[in-house]
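Asks: Show me how the following folds:
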Amino acid sequence: MDDEMTGPVPGFAALFAKGTITYAEARGIDPEVADRSMRQLFLAARGR
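Replies: Model prediction:
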């Protein structure tokens, strides 16, 4: 089994973030913008 999918929630969140950033970059989004956007998404989800 793939440990990234069966591990703790923080590991899954990191995998999701990496995949989303990679997807955005492959479609022409600036890497810095993709990273900042993903960080903002997680901050908003935490209620900050």
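Asks: can you count the residues close to the nearest residue to residue 24 once chain neighbours are set aside?
Replies: Once flanking residues are discounted, residue 24 sits nearest to residue 34: 4.0 Å by CB to CB, 6 or more residues apart in numbering. C-beta here means a position set from N, CA and C on the backbone, and glycine is covered the same way. Residues within reach of residue 34, counting by other CB atoms under 10 Å, total 19.
Asks: do you know how far residue 44 is from residue 32?
Replies: 18 Å (CB to CB, to the nearest Å).
Asks: ok, the residue nearest the centre of the chain - contacts?
Replies: Centroid check for the chain by CA atoms, centre = their mean gives residue 17 as the closest residue, at 0.9 Å. Remark: with contacts taken as CB atoms under 8 Å, 6 or more residues apart in numbering, residue 17 is in contact with 38, 42.
Asks: Do you know the pLDDT at it?
Replies: In this model, residue 17 is scored at 93, pLDDT.
Asks: you'd agree the residue nearest to residue 24 is up against residue 26?
Replies: No: using CB atoms under 8 Å, residue 34 makes no contact with residue 26, being 9.8 Å away.
Asks: before we move on, the earlier item: point me to the helix or strand that includes the residue nearest to residue 24.
Replies: Per DSSP states H and E: residue 34 is located in helix 31-46.
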